[in-house]
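Peer 1: Return atomic coordinates for the entry below.
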Amino acid sequence: MELIEDKSRPPLVPVKGVPLIKYFAEAIGPLQNLTPLPDDLLISTYPKSGTTWMSEILDMIYHGGKLEKCRRAPIYQRVPFLEFRCPGVPSGLETLEETPAPRLLKTHLPLSLLPRSLLDQKVKVIYIARNAKDVVVSYYNFYNMAKLHPDPGTWDSFLQNFMDGKVSYGSWYQHVKEWWELRHNHPILYLFYEDMKENPKREIKKVLEFLGRSLPEETVDLIVHHTSFKKMKENPMSNYTTIPNDVMDHGVSPFLRKGIAGDWKNTFTVAQNEHFDAHYAKTMAGCDLKFRWEL
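Peer 2: As a prediction, the model looks like this:
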């Protein structure tokens, strides 16, 4: 009997000390030859921090709020995911080659693995940061449904691995801090997920200003409405239900699960929260980044 390659649950592979999904690790070498275009825009986040949300917002901005244009393809085809690789699916770089300018690009990579050309050519970046407790809960659920990740194990062990930087993409702490520092010498709009939940219209206006674009008020309102969590969860072009079930099992957990701030309270025990808070205070000491744990 011929053995078919099993894509599910390979162990993480370290690249320059950063653990990555096996197939994504294989993409890092070719990615270093990326040639950016002058009007490229990079969306950067640590996983589970609002990447798909911002991707949808930006695609709507780029198309003047015209819904039918934003339904032309799934979000992962409209906004190429640079380091994405998976057997049998076009890679991020292959998708990028098919993407007309002006291009939106997406990455979760820490700075050490990012193609230097993006930094050297001062490609504009929108970075979204989300509080670590909500990130780790969302990430645990994502690990369970997205089978390119290793088995997440118990919630308690996953939480410890997250704190130790032993999950895919490494340390959340390092990621949010190094991109925060980079804004001093690179064109970065640094946004917070909690601010976007609190007042999406205000944050979308910051994006428009950063891009040097303007849209009529009613178009901005339309974008707010159609990029709401409820609308995106219902939309097959943004909810990842078009991905094969052997890669993402929506029966385990939907890709767009809750999309709220403060959901960590439903998962953390009191002891886990105390342990996390002590570790967080130590790891983030001396950093002026401030996060909100709930709204």
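Peer 1: What segments of the stretch 101-250 of the chain are helices?
Peer 2: Here the stretch 101-250 of the chain has its helices, by DSSP state H, counting those that start in this stretch, at 116-120, 132-145, 155-163, 172-182, 193-198, 200-211, 217-226, 229-234.
Peer 1: elements contacting the fourth one?
Peer 2: If I follow you right, that is helix 172-182. The contact analysis (3 or more C-beta pairs under 8 Å, 6 or more residues apart in numbering; DSSP states H and E) places helix 172-182 against strand 124-129, helix 132-145, strand 188-192. Where you see a C-beta, it was placed from the backbone N, CA and C, and this is true even at glycine.
Peer 1: can you tell me which of those comes nearest to residue 276?
Peer 2: helix 132-145 (6.8 Å; C-beta to C-beta).
Peer 1: could you give me the average pLDDT of the closest one?
Peer 2: Taken as a whole, helix 132-145 has a mean pLDDT of 94.
Peer 1: Give me the angle between that helix and helix 172-182.
Peer 2: Note on geometry: by axes from the mean of the first three to the mean of the last three C-alpha atoms, to 10 degrees, helix 132-145 and helix 172-182 are set 120 degrees apart in direction.
Peer 1: name the helices or strands packed onto helix 132-145?
Peer 2: helix 155-163, helix 172-182, helix 270-283.
Peer 1: just the angle between it and strand 124-129, please?
Peer 2: 90 degrees.
Peer 1: Figure out how far helix 132-145 is from the centre of its chain.
Peer 2: From the chain centre to the centre of helix 132-145 is a distance of 12 Å (C-alpha atoms, centre = their mean, to the nearest Å).
Peer 1: thinking again about what came up before, so which of the helices and strands packed on helix 132-145 gets nearest residue 38?
Peer 2: helix 172-182 (19.6 Å).
Peer 1: for the closest one, which positions count as buried?
Peer 2: Of the residues in helix 172-182, those buried by neighbour count under the rule 16 or more other C-beta atoms under 10 Å are 172, 173, 174, 175, 176, 177, 179, 180, 182.
Peer 1: thinking again about what came up before, so which of the helices and strands packed on helix 172-182 comes closest to residue 244?
Peer 2: Using C-beta to C-beta, the nearest of the helices and strands packed on helix 172-182 to residue 244 is helix 132-145, at 12.5 Å.
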